[in-house]
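Visitor: Output the structure for:
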Amino acid sequence: MKDKYNFDQIVDQHKNLVYHIIFRITNDSSNADEIFQEVFLNVFSSISKFKGKSKLSTWISSIAINTCYTFFKQTNKKAAYSLDQFMEEKGDFISSEISITEKMESEEINSNLSLKINMLPIKYKIPLILFYLEGNSYIEISEILKVPIGTVKTHLFRGLKMLKNVMGGNLNGFMQKG
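Guide: Now for the predicted structure:
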């Protein structure tokens, strides 16, 4: 089965996806670089297990997330996530028509939200990131995390509840998938 896949082609086609996932979880380029290499080692050591039941990118995303979990277990580090980084990448969230005052208030809220997301346990943080920020469906998240859809929904519900509690009940539209 390994002969069917070209290593360079897979890395080239999926490197941005993998690095993006890893950096969102770690928010640390040195850790991200280390994990990135480990992800593709894991991909090619287990490519024969890929059955084609999901997209290759979904399967690789799953490996990236699981490699991050393993990294944090082995190093006893906490995963970080920067919503500020996400907002920088997705500048279209803040329309050019918004006043400077509104923009400053929005940036303050997003900065606060980023800090609060960092406080969540990783098992709730990852589904929130994948669903609300990455736009993945329940099914895709289920495939990526290798958990039942019910577990995905439960983790999203509990993660939002925890986030709402730490935010003092104010999520400012975060729950609107987009």
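Visitor: what about the helices in this structure?
Guide: 7-26, 29-45, 56-75, 83-89, 100-118, 122-128, 138-145, 149-166 (DSSP state H).
Visitor: which residues make contact with the last one from outside it?
Guide: Residues external to helix 149-166 that are found in contact with it (C-beta atoms under 8 Å, 6 or more residues apart in numbering): 116-117, 119-121, 123-125, 127-128, 131, 138-139, 141-142, 145, 147, 170-171, 174-175. Yep, even glycine has a C-beta here, placed from its N, CA and C like the rest.
Visitor: Could you dump the helices of the chain into JSON lines with mean neighbour count added?
Guide: Shown next, in JSON lines, are the helices of the chain (neighbours: other C-beta atoms under 10 Å):
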{"stretch": "helix 7-26", "mean neighbour count": "17"}
{"stretch": "helix 29-45", "mean neighbour count": "17"}
{"stretch": "helix 56-75", "mean neighbour count": "18"}
{"stretch": "helix 83-89", "mean neighbour count": "16"}
{"stretch": "helix 100-118", "mean neighbour count": "15"}
{"stretch": "helix 122-128", "mean neighbour count": "21"}
{"stretch": "helix 138-145", "mean neighbour count": "20"}
{"stretch": "helix 149-166", "mean neighbour count": "16"}
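Visitor: what about Leu160, distance to Ala64?
Guide: Here Leu160 is placed at a distance of 23 Å from Ala64 (C-beta to C-beta, to the nearest Å).
Visitor: try Lys164
Guide: 28 Å.
Visitor: before we move on, what about Ile21?
Guide: Counting by C-beta to C-beta, the gap from Ile21 to Ala64 is 5 Å.
Visitor: and if you look at Ile10?
Guide: Distance from Ile10 to Ala64, by C-beta to C-beta: 13 Å.
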